[in-house]
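J.: the following comprises the amino acid sequence and a computationally predicted model.
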Amino acid sequence: MNKFEALGLKGSLLEAINNLGFENPSEVQEKAIPLLLENETDIVALAQTGTGKTAAFGFPLIQKIDSGSKKTQGLIIAPTRELCLQITNELKLYSKFENNINIVAIYGGASISDQARNIQRGAQIIVATPGRMQDMINRKMVDISEINYCVLDEADEMLNMGFYEDIVSILSTTPDEKNTWLFSATMPNEVAKIAREFMHNPAEITVGTKNSGSSTVSHEFYLVGARDRYEALKRLADANPDIFSVVFCRTKRDTQAIAEKLIEDGYNAAALHGDLSQAQRDGVMKSFRGRQIQMLVATDVAARGIDVDDITHVINYQLPDEIETYNHRSGRTGRAGKLGTSIVIITKSELRKISAIERIIQKKFEEKTIPSGIEICEIQLLHLANKIKEVEIDHEIDNYLPAINEVLDGLTKEELVKKMVSVEFNRFISYYKNKRDLAVGAGGREKGSGRDNEGDSSDGSTRYFINLGTRDDFDWMQLKDFLKDTLDLGREGVYKVDVKESFSFFNTDSEHADKVMEILNGAELEGRRINVEISKNNGGGKREGGRRREGGSKRRDFSSARRDGGKRDDFGSGDRRGNRNNDTNGRNRRTNTVSDAKSPNRRERRRAESSDRPRRPRRG
């Protein structure tokens with residue numbers, strides 16, 4: 001007996017379940033399906049990505065729909081077009097044996113008029129992204145004033161992407177008496193606020209511990225020098241010959257750059273981000289599902305549509321700006337009951353973030369060391385030997401054996417084995433035999449290497465000099481805000497800010513050095529040309545600057561100093577992401593007028609660098 005029968009589903013849905021090969025419901029399905037079938041209730045369901053949430057709300061929704069009426073009765077809102085299409089396709093499979101149930105997906109990047117026509121033909125269920133849904137409501141192309149059910153899928157991610165206002169506006173156009181089903185991996189304050197404002201005494205289902213990570217995912221971090229992050233990524237790939245992974249970067253530009261470097265270095269890799277067309281994304285995902293791609297380098301937004309059960313590793317090449325997003329990343333692996341590994345590559349300056357993540361996911365990270373070149377060679381050698389042992393013999397080769405035996409005549413068994421293995425293995429030996437160890441020692445310095453660049457400290461940070469100071473009406477907090485807004489490095493991306501009269505110092509992680517120099521040098525602020533150089537002193541102080549000037553730290557408009565008008569990574573013209581900027585791709589490189597602003601003289605520079613630390617404010 002199929003265990004789904006005990007959940008109260010009707011015969012046509014059970015037929016679809018059997019057709020799909022489902023045998024045992026997941027925990028969230030066991031808890032949610034009977035509750036939603038037996039009651040007209042609001043529900044908040046907290047469960048990790050990959051636990052079967054789509055079926056948990058999809059089967060009850062289909063069973064409750066009146067197929068005799070063509071009006072829209074159910075609305076499902078999802079954060080990205082990829083997830084929107086995925087849900088739509090799954091619901092169509094679930095309703096395969098239903099009569100006259102029409103499910104329509106609406107999302108940005110596709111013809112809005114075609115989507116409107118599909119709805120007008122009669123769509124009992126609409127699956128939509130928030131931006132396109134709001135657009136169609138504003139154009140009066142869709143009527144959701146009489147829906148009975150509204151599902152918010154991946155609610156925490158939608159709100160994290162800046163969709164709060166859209167969701168509130170959409171829910172405000174729906175009837176109060178509808179049932180709202182909210183599914184989320186975590187329960188941040190914004191999700192709780194939605195539940196309070198738009199739900200009535202919701203039942204709550206929690207699979208595992210609230211906000212915790214999946215029990216099938218192990219978590220590891222590798223401490224490296226900032227300049228060794230990419231080399232560490234390659235070594236981790238080589239140390240796991242059967243890797244099938246998603247590599248996360250923060251921005252579209254970094255995603256594309258890392259994917260291109262991996263391809264150049266001989267790895268089966270591809271990029272997935274918001275600058276790709278729908279056809280390109282479909283092609284990348286088809287290749288990934290078919291395992292022609294072993295390393296898919298993606299942004300957080302793009303990865304929301306990835307639904308692949310066999311991913312072995314998630315690699316955080318860069319940690320997300322929002323720590324809560326880590327839970328969604330790690331949820332790409334360890335799906336459908338399989339084991340997976342989530343890896344973080346970090347520098348010493350980011351170590352504090354590991355503790356913050358551990359508190360959220362309620363799981364401990366295991367600190368590991370990047371494998372040495374010799375260790376990788378050993379792993380690859382054994383992998384190759386096993387591959388040779390397990391390969392199926394194609395007997396088409398029998399016709400060629402006499403000629404092959406003639407060529408190999410005179411070789412002993414040992415010589416033959418060595419030569420066969422060396423064909424593939426020699427490239428690893430030649431690449432790694434003189435490579436240094438990337439492990440960071442307990443003292444914080446990289447084994448086998450010193451500091452390569454001025455300004456690079458042992459904690460993986462770089463110290464900069466900038467020709468802005470108190471005479472430009474900055475205190476340390478205002479300058480820090482300006483740099484954060486201009487550079488888009490996240491909340492903790494700029495630190496150790498020390499403001500002098502005509503110049504200042506600040507730190508970022510060393511991996512951002514090229515970006516800092518590119519964006520700031522030559523930019524203008526109120527007619528002055530900004531100049532940035534890497535300081536010889538790494539900045540030992542922990543405090544940032546002195547006290548604020550009288551009147552408080554009034555926030556200034558720094559938009560005129562920025563070169564880019566980039567938007568947060570999105571998936572098309574119809575999906576608005578609010579006002580949050582996170583992308584450094586596609587900068588507008590305009591020519592800046594050089595002003596006569598001068599840097600301080602060399603003696604003043606040397607004196608400042610020799611005592612480069614925040615100073616206690618003077619009294620009186």
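T.: Sure thing, it's come through.
J.: so where's the protein uncertain?
T.: Applying pLDDT under 70 to the chain picks out residues 1-2, 49-50, 208-214, 304-305, 336-337, 434, 439-459, 536-620.
J.: so how far is D398 from the residue of it positioned farthest from its centre?
T.: Going by Cα atoms, centre = their mean, the residue of the chain most distant from its centre is G410, 55.6 Å out. G410 sits at a distance of 22 Å from D398 (criterion: Cβ to Cβ, to the nearest Å). For glycine as for every other residue, the C-beta is placed from the backbone atoms N, C-alpha and C.
J.: sec struct for the residue farthest from the centre of the chain, please.
T.: Here G410 is recorded as coil under DSSP: H, G, I helix; E, B strand; the rest coil.
J.: now swap in I393 and tell me
T.: Following three-state DSSP, we place I393 in the coil state.
J.: what number of residues lie near it?
T.: Using other Cβ atoms under 10 Å, I393 has 7 neighbouring residues.
J.: the one 10 residues further on too?
T.: By the measure other Cβ under 10 Å, the count of residues near A403 is 9.
J.: next, the contact list for A259, please.
T.: By Cβ atoms under 8 Å, 6 or more residues apart in numbering, the contact list for A259 reads 269-271, 295, 297.
J.: same check on T508?
T.: Contacts for T508 (Cβ under 8 Å, 6+ apart) come out as 461-462, 464, 487, 489, 493-495, 516.
J.: still on that earlier bit, select, from the contacts of A259, the two members most distant in space.
T.: Pairwise distances among the contacts of A259 were taken by Cβ to Cβ; the largest, 10.1 Å, belongs to A271 and M295.
J.: measure stretch 504-520 end to end?
T.: End-to-end distance of stretch 504-520 (Cα to Cα, to the nearest Å): 14 Å.
J.: what does stretch 253-272 give?
T.: Termini of stretch 253-272 sit 11 Å apart (Cα to Cα).
J.: check which element follows the longest helix along the chain along the chain.
T.: For the chain, the helix with the greatest residue count under DSSP state H is helix 413-432. Downstream of helix 413-432, the next assigned helix or strand under DSSP states H and E is strand 461-466.
J.: how about the contacts made by P175?
T.: 145-147.
J.: my guess is it is in a strand, correct?
T.: No: the assignment for P175 (three-state DSSP) gives coil, which keeps it out of a strand.
J.: look up how far Y164 lies from it.
T.: P175 sits 21 Å away from Y164, going by Cβ to Cβ.
J.: ok, now N89?
T.: 28 Å.
J.: and for K484?
T.: 22 Å.
J.: could you export the helix or strand encompassing A195 as PDB, CA atoms only?
T.: Using DSSP H and E, A195 sits within helix 189-198. Taking C-alpha atoms only, helix 189-198 is exported to PDB below (Å, rounded to 0.1, in the frame of the first residue of the first chain):
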ATOM      1  CA  ASN A 189      11.100  39.000  11.600                       C
ATOM      2  CA  GLU A 190       9.800  40.000   8.200                       C
ATOM      3  CA  VAL A 191       8.100  36.600   7.600                       C
ATOM      4  CA  ALA A 192       6.600  36.800  11.100                       C
ATOM      5  CA  LYS A 193       5.300  40.200  10.300                       C
ATOM      6  CA  ILE A 194       3.500  38.900   7.200                       C
ATOM      7  CA  ALA A 195       2.000  36.100   9.200                       C
ATOM      8  CA  ARG A 196       0.700  38.600  11.900                       C
ATOM      9  CA  GLU A 197      -0.800  41.000   9.400                       C
ATOM     10  CA  PHE A 198      -2.400  38.700   6.800                       C
END
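J.: how about it: buried residues?
T.: For helix 189-198, a neighbour-count test (16 or more other Cβ atoms under 10 Å) marks 190-191, 194-195, 198 as buried.
J.: how about stretch 41-48?
T.: Result for stretch 41-48 [16+ other Cβ under 10 Å]: buried residues 42-48.
J.: go on, stretch 107-125?
T.: Judged by neighbour count using 16+ other Cβ under 10 Å, the buried positions of stretch 107-125 are 107-110, 112, 115-116, 118-119, 123-125.
J.: hang on, A385 is in a strand, isn't it?
T.: No: A385: not assigned to a strand; according to three-state DSSP it is helix.
J.: I'd guessed it sits against V421; true?
T.: Yes: A385 is in contact with V421 according to Cβ atoms under 8 Å; the separation is 6.8 Å.
J.: now for these two: what residues contact both?
T.: By Cβ under 8 Å, 6+ apart, A385 and V421 have no common neighbours.
J.: and H512, what does it touch?
T.: When contacts are counted by Cβ under 8 Å, 6+ apart, H512 touches 462, 487, 489, 493.
J.: ok, those residues vs F505, which is closest?
T.: Nearest to F505 among the contacts of H512, counting by Cβ to Cβ, is T462 at 10.9 Å.
J.: wait, the closest one touches D509, no?
T.: Yes: with contacts defined as Cβ under 8 Å, T462 counts as touching D509 at a distance of 7.4 Å.
J.: which neighbours do these two share?
T.: Common contact partners of T462 and D509 (Cβ under 8 Å, 6+ apart): A226.
J.: K484 and S510: what is the separation?
T.: Here the criterion is Cβ to Cβ. By it, K484 lies 18 Å from S510.
J.: actually K348, not the one I wrote
T.: In this structure, K348 and S510 are 11 Å apart, going by Cβ to Cβ.
J.: between those two, which is the more surrounded one?
T.: S510 (26 against 19).
J.: by neighbours, which of the contacts of H512 wins?
T.: Top of the contacts of H512 by neighbour number is T462, holding 24 neighbours under the definition other Cβ under 10 Å.
J.: share the number of residues neighbouring L411, please.
T.: L411 has 12 neighbouring residues, counting by other Cβ under 10 Å.
J.: check I376 too.
T.: Count around I376 with other Cβ under 10 Å applied: 23.
J.: could you find the closest non-adjacent residue to it?
T.: Leaving aside its sequence neighbours, I376 sits nearest to D238 (Cβ to Cβ, 6 or more residues apart in numbering; 4.8 Å).
J.: and D275, by the same measure?
T.: Distances taken as Cβ to Cβ, 6+ apart place K252 nearest to D275, at 5.5 Å, with adjacent residues excluded.
J.: measure the one you found to V297 for me?
T.: Where V297 is concerned, K252 sits at a distance of 11 Å (Cβ to Cβ).
J.: confirm L75 sits in a helix?
T.: No: counting by three-state DSSP, L75 is not found in a helix; it is strand.
J.: ok, it touching T173?
T.: No: in terms of Cβ under 8 Å, L75 does not count as a neighbour of T173; the distance is 10.0 Å.
J.: neighbour count: the two, which is higher?
T.: More crowded of L75 and T173, by other Cβ under 10 Å: L75, with 25 against 14.
J.: dig out what that one forms beta bridges with.
T.: Going by DSSP bridges, L75 is paired in beta bridges with I126, C150.
J.: from D143, how far off is it?
T.: From L75 across to D143, the span is 11 Å (Cβ to Cβ).
J.: now swap in D176 and tell me
T.: Taken as Cβ to Cβ, the span from D176 to D143 is 16 Å.
J.: which one of those two has more residues nearby?
T.: Each of D176 and D143 has its neighbours counted (other Cβ under 10 Å); D143 has more, 14 against 7.
J.: quick one: contacts for the more buried one?
T.: Residues in contact with D143 (Cβ under 8 Å, 6+ apart) are 71-72.
J.: again with L416
T.: By Cβ under 8 Å, 6+ apart, L416 lies in contact with L408.
J.: D409 versus that one, what's the distance?
T.: The gap separating L416 from D409 is 11 Å, by Cβ to Cβ.
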